[in-house]
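Engineer: let me see the structure of the following:
(chains A and B)
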Amino acid sequence: MNRLRILAMLAWRNLWRNHRRTAIMLGAIGLGVWAMIFMTALTQGMVTEMIRDGISALPGHVQVHHPDYRDDPSITNLIPATDAEISAAFGPAGFSAWSSRIKVPAVITSEHDSRGVTLLGIDPARERDMIFVDYDEVEGRFLESVDDGGVVIGNKLADTLDTEVGKRIVLMSQDPDNDIADRGFRVVGLFHANVESFEETYVFAGKKTIQNMLRVGDRVTEVVVLGDDYRNVEDEYARVVALVDGGVEVRRWTELDTYLGTMLKVMDGFVLIWVVVIFLALSFGLVNTLVMAVFERVREIGLMLALGMKPGSILGQILIESMLLLIIGLGIGNLLAWLTIKPLESGIDVSIVAEGMEMMGASSVLYPLLRMEDVVLANVVVLILGFLASLSPAWRASRYEPIEAITKVD
Amino acid sequence: MTAVRCVDLCKTYRQGDQDIKALDHLSVEIEEGGFVCLSSPSGGGKTTLLNAIGGLDKPDQGEVYISGQRIDNLSKGELAELRLKRIGFVFQAYNLIPVLTARENVEFVMQVQGVPAAERGRQSADILTEVGLEGLEDRRPAEMSGGQQQRVAVARAIVSRPALVLADEPTANLDSKTSDGLMELFTELNEHHGTTFVIATHDQRVMGYAKRIVRMLDGRIVDDIQQDAA
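Structural biologist: This is a model prediction of the structure:
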């Protein structure tokens, strides 16, 4: 303990012998760590937003379908169980949120134009926290019940069809016998979505109303379950598998939307690469600082060795010095990151590149996301790689011959 | 009992194209409680001998014993342990650690030895008073004169009461009054605590304090004189 104390004291005081050099190095480490965390937060924010939008638009975290539904998402591929049976099974299971839907391709027609859309027959009470539409922001109103007679469409689709709240449209699809199933609806609400294409694609109606229109009785095409963490849905997946029989297919969102699933993996890898690349740039400065610090103190190191300090203690002293430098630099970088990210968490407007963002499935507002895992990753990488980078100068210092070091001439 | 025994030591340095024999089949014994001055012109081998005795330099040939223990074949770590526990060093220059205060420099060896803080504090205060540095305990080397720094180095060398103190030109940077004060301190430690001193010097005043003067030339002992201390 005594030895550790003297080593730490020597390391700390030596660190401040050359104030300017230490300050420059701390600035570089702080800036590097800030860049690591800030860029990671921006990237994670963008990816998280993309995934949340994607999840709220389609897959939830875990979905149940007829085995043929993914290849042919039509009304003929209904889940064998009735909606009542599904409710009896999923209701008491204690999921964060779940819902059953009808989701089929359809054509929407106004008096001016028609478009192919995805028709969603939903239970609005269950879906409030599951889909991308903010009920309170809907122009007009959102659906009120499963047998609501109105439809809610996106602003963009309304523009295309040249329709508005209060006007009527016709929805047309096929029933299980491949006969035309259609019905006139009044547009009761127009929704806004972060991703413009969602406004063109999705049309919401009451689940019961659509079941009646499509003549499918009490049947649905999909069951959607939402967990607490989109990164880890294994628990929900296992619970859903346990609830259903063999006549359906259960899929995680990463399997349903492979683009987003892959994106998540790529981004996690990208974060690590980003952190390591920045550290490599930093490590040159760190090693240079330590080499200079050791070089300037050769005689002093020789003296300590001559007085009986063991080479291992010299090694320890240089490593402690390096670790102190890194820890202070990390503190500065973390603080800078926190101070710059927190005020931006309400969103950064990137509408100037909205089209590009939308092509990636992201919205035009970027919400930086400061995740503890990413902060820990950046800190741990810097500490571990910093420790490894410091080993060489520290080892060299510990290998000095005391008498050669003491008599070294500048 | 023999404090130091050197047997047939040889050490050759390469300087340019020339081989310099710093130690040339040198053998010497120093009794415990001895007060020995090694004297030679520059390059005569006294510092090399001192370094070999202190385990700071390995001879090319021969054996070195400290209190009967052979040390020339010890590892770096074992030598460090030996120096830490049994030998006090005073070098001519670069004696102190610049980032530590006088007190911390004195306590350094004890701290590495693992002496408890209270004990260290008491011993360092006593020894700094003894070498006349009371009131300067919290000064760093850069804030002290050369003589004061040398006294701190002496205090550090003797604070843990090593059996053997090796000093290389300890008075080289000191004025005569400070030199005398330092040598009187060495003499007192030698007489009252039985500490063995081996001092490399060519300062006649320092030699005046020694009980024995070993004169060297070209790495060999040319004269070995017992004398009464001044």
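Engineer: so which residues on the stretch 201-350 of chain A come close to chain B?
Structural biologist: Within the stretch 201-350 of chain A, the positions near chain B by CB under 8 Å from any CB of the partner chain are A:299-300, A:303-313. The way it works is simple: take the backbone N, C-alpha and C, and place the C-beta from them, glycine included.
Engineer: among those, name the buried ones.
Structural biologist: A:299, A:300, A:303, A:304, A:305, A:306, A:307, A:308, A:309, A:310, A:311, A:313 (16 or more other CB atoms under 10 Å in any protein chain shown).
Engineer: in the lengthiest helix in chain B, what counts as buried?
Structural biologist: In chain B, ranked by residue count with DSSP state H as the criterion, the top helix is helix B:176-193. Neighbour-count burial for helix B:176-193, counted by 16+ other CB under 10 Å, picks out B:178, B:179, B:180, B:181, B:182, B:183, B:185, B:186, B:187, B:189, B:190.
Engineer: how about the fourth one: what's its closest non-neighbour residue?
Structural biologist: Put plainly, it is residue B:181. In space, and not counting its chain neighbours, residue B:181 is closest to residue B:132: 6.7 Å by CB to CB, 6 or more residues apart in numbering or on different chains.
Engineer: also the third one?
Structural biologist: If you skip the residues right next to it in sequence, residue B:180 has residue B:205 as its closest partner in space, 7.1 Å away by CB to CB, 6+ apart.
Engineer: strands of chain A, start to end?
Structural biologist: Under the criterion DSSP state E, chain A carries strands at the ranges A:62-65, A:97-109, A:114-122, A:139-140, A:150-154, A:168-174, A:180-191, A:202-206, A:222-226, A:249-252, A:348-349, A:365-366.
Engineer: what packs against the first one?
Structural biologist: When contacts are defined as 3 or more CB pairs under 8 Å, 6 or more residues apart in numbering or on different chains; DSSP states H and E, strand A:62-65 packs onto strand A:222-226, helix A:234-243, strand A:249-252, helix A:253-256.
Engineer: adding mean neighbour count and mean pLDDT, write the ones you listed out as TSV.
Structural biologist: Formatted as TSV, the helices and strands packed on strand A:62-65 follow (neighbours: other CB atoms under 10 Å in any protein chain shown; pLDDT from 0 to 100):
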stretch	mean neighbour count	mean pLDDT
strand A:222-226	25	91
helix A:234-243	16	88
strand A:249-252	18	90
helix A:253-256	20	81
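Engineer: including distance to residue A:43, could these go into TSV?
Structural biologist: Compiled in TSV, these are given as follows (distance: least, CB to CB, whole Å):
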stretch	distance to residue A:43
strand A:222-226	24
helix A:234-243	24
strand A:249-252	23
helix A:253-256	18
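Engineer: neighbours of the closest residue to residue A:290 other than its chain neighbours, just the number please.
Structural biologist: The spatial neighbour of residue A:290 that comes closest, neighbours along the chain excluded (CB to CB, 6+ apart), is residue A:393 at 4.1 Å. Using other CB atoms under 10 Å in any protein chain shown, residue A:393 has 24 neighbouring residues.
Engineer: for residue A:393, give me the pLDDT.
Structural biologist: For residue A:393, the pLDDT comes out at 88.
Engineer: dump the residue contacts of it.
Structural biologist: Applying CB atoms under 8 Å, 6 or more residues apart in numbering or on different chains to residue A:393 gives the contacts A:287, A:290, A:291, A:293, A:294, A:318.
Engineer: my guess is the second one meets residue A:391, correct?
Structural biologist: Spelled out, it's residue A:290. No: counting by CB atoms under 8 Å, residue A:290 stays clear of residue A:391, with 9.9 Å between them.
Engineer: between these two, which has more neighbouring residues?
Structural biologist: A direct count of neighbours by other CB under 10 Å for residue A:290 and residue A:391 places residue A:290 higher, at 25 against 15.
Engineer: ok, now how distant is that one from residue B:80?
Structural biologist: Going from residue A:290 to residue B:80 by CB to CB, to the nearest Å gives 23 Å.
Engineer: please apply the same query to residue A:162.
Structural biologist: According to CB to CB, residue A:162 and residue B:80 sit 90 Å apart.
Engineer: who has more neighbours, these two?
Structural biologist: Using other CB under 10 Å as the criterion, residue A:162 and residue B:80 rank with residue B:80 on top: 25 against 11.
Engineer: let me see the confidence value for the closest residue to chain B within chain A.
Structural biologist: Proximity of chain A to chain B (CB to the nearest CB) peaks at residue A:308, 2.6 Å away. In this model, residue A:308 is scored at 88, pLDDT.
Engineer: likewise residue A:165?
Structural biologist: At residue A:165, pLDDT is 94.
Engineer: now residue A:213
Structural biologist: We have a pLDDT of 94 for residue A:213.
Engineer: how about the contacts made by it?
Structural biologist: A:171, A:173, A:181, A:182, A:183.
Engineer: buried subset of the residues you listed?
Structural biologist: A:171, A:173, A:181, A:183.
Engineer: contacting chain B as well, which ones from those residues?
Structural biologist: Applying CB under 8 Å from any CB to those, one finds that nothing falls near chain B.
Engineer: so the closest residue to chain A within chain B is in which element?
Structural biologist: Chain B approaches chain A most closely through residue B:84 (2.6 Å), counting by CB to the nearest CB. Secondary structure assigned from DSSP states H and E places residue B:84 in helix B:76-86.
Engineer: so which bits of that helix are buried?
Structural biologist: Buried residues in helix B:76-86, counted by 16+ other CB under 10 Å: B:76, B:79, B:80, B:81, B:82, B:83, B:84, B:86.
Engineer: could you do stretch B:27-35 as well?
Structural biologist: Burial within stretch B:27-35, assessed by neighbour count using 16+ other CB under 10 Å, is assigned to B:28, B:30, B:33, B:34, B:35.
Engineer: contact partners for the residue nearest to the fourth one when sequence neighbours are not counted?
Structural biologist: The reference is to residue B:34. Closest residue to residue B:34 apart from its sequence neighbours, by CB to CB, 6+ apart: residue B:196 at 5.1 Å. Going by CB under 8 Å, 6+ apart, residue B:196 touches B:3-4, B:30-36, B:163-165, B:190.
Engineer: residue A:292 now?
Structural biologist: Residue A:292 touches residue A:21, counting by CB under 8 Å, 6+ apart.
Engineer: go on, residue B:172?
Structural biologist: Counting by CB under 8 Å, 6+ apart, residue B:172 has contacts B:92, B:93, B:203.
Engineer: checking the first one next. Helix, strand or coil?
Structural biologist: It refers to residue B:92. coil (DSSP: H, G, I helix; E, B strand; the rest coil).
Engineer: give the burial count for the closest residue to it other than its chain neighbours, as a bare number.
Structural biologist: Spatial nearest neighbour of residue B:92, excluding adjacent residues (CB to CB, 6+ apart): residue B:169 at 4.0 Å. Neighbourhood size, residue B:169 [other CB under 10 Å]: 20.
Engineer: my guess is residue B:169 contacts residue B:95, does it?
Structural biologist: No: contact criterion CB under 8 Å: residue B:169 and residue B:95 do not qualify, at 11.0 Å.
Engineer: ok, the closest residue to residue A:185 other than its chain neighbours - contacts?
Structural biologist: Spatial nearest neighbour of residue A:185, excluding adjacent residues (CB to CB, 6+ apart): residue A:151 at 4.3 Å. Residues near residue A:151 by CB under 8 Å, 6+ apart: A:169, A:171, A:185, A:186, A:187, A:188, A:203, A:204, A:205.
Engineer: can you tell me which of these are buried?
Structural biologist: By 16+ other CB under 10 Å, those give A:169, A:171, A:185, A:187, A:188, A:203, A:204, A:205 as buried.
Engineer: now for the residues of the stretch 201-350 of chain A next to chain B: which two are most distant?
Structural biologist: Of all pairs drawn from those, the greatest distance, 20.0 Å, lies between A:299 and A:312 (CB to CB).
Engineer: and the nearest residue to residue A:138 once chain neighbours are set aside, how far from residue A:166?
Structural biologist: Leaving out its chain neighbours, the residue that sits closest to residue A:138 by CB to CB, 6+ apart is residue A:189, at 4.2 Å. Note on residue A:189: its distance to residue A:166, by CB to CB, is 10 Å.
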